[in-house]
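Novice: Structure of the sequence below:
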Amino acid sequence: MAEIKYNAIGRRKSSIARVNITAGKGRLIVNSKPVDIYFPRETLRMIIRQPIELIGATGKHDITAKVDGGGLTGQAGAVRLGIARAFVKMDADLRSKLKKEGFLTRDPREVERKKYGLKGARKRFQFSKR
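Specialist: As a prediction, the model looks like this:
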């Protein structure tokens, strides 16, 4: 019998994460590496584990994620959203608990583009009267 796989997509800033959840021993793999190696900072690992700990699924599922684009913070946020969405596909009763904590909300903030004649998106060059 084939094992049941639940997958979902999470996005944050310019990062996209494709997350797969299967029954297992609690392994967490990101881009073919253990999460402890891929995300060096403890805060990033904590962000990823938040939805797993909230529903009490620690050590029950193997999670593999493929992440593209952006930096580590955006990637961690994308993986968290993907994990939360995959758990909702697995069990619809978890939706209210995850939604209440804000794990199902896609953070819409994106980098504002640089404008011509300016140093960045909003910063201007120093004004000189003379």
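
Novice: Tell me which helix or strand I83 sits in.
Specialist: helix 72-90 (DSSP states H and E).

Novice: Just the buried residues of that helix, please?
Specialist: 73-88, 90 (16 or more other Cβ atoms under 10 Å). C-beta coordinates here come from the backbone N, C-alpha and C atoms, glycine included.

Novice: just stretch 61-70 next, same as before
Specialist: Within stretch 61-70, judged by 16+ other Cβ under 10 Å, the buried ones are H61, D62, I63, T64, A65, V67, G70.

Novice: Just the mean pLDDT for it, thanks.
Specialist: Stretch 61-70 shows a mean pLDDT of 94.

Novice: likewise stretch 46-57?
Specialist: 91.

Novice: okay, that stretch in PDB with CA atoms only?
Specialist: Output in PDB follows, covering the C-alpha atoms of stretch 46-57 (Å, rounded to 0.1, in the frame of the first residue of the first chain):
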ATOM      1  CA  MET A  46      11.700  27.900  15.800                       C
ATOM      2  CA  ILE A  47       9.500  29.600  13.100                       C
ATOM      3  CA  ILE A  48       9.300  26.400  11.100                       C
ATOM      4  CA  ARG A  49       8.500  24.200  14.100                       C
ATOM      5  CA  GLN A  50       5.700  26.500  15.400                       C
ATOM      6  CA  PRO A  51       2.700  24.900  13.600                       C
ATOM      7  CA  ILE A  52       4.000  21.400  14.300                       C
ATOM      8  CA  GLU A  53       4.300  22.100  18.100                       C
ATOM      9  CA  LEU A  54       0.900  23.900  18.200                       C
ATOM     10  CA  ILE A  55      -1.000  20.800  16.900                       C
ATOM     11  CA  GLY A  56       1.100  18.400  18.900                       C
ATOM     12  CA  ALA A  57       2.500  16.500  15.900                       C
END
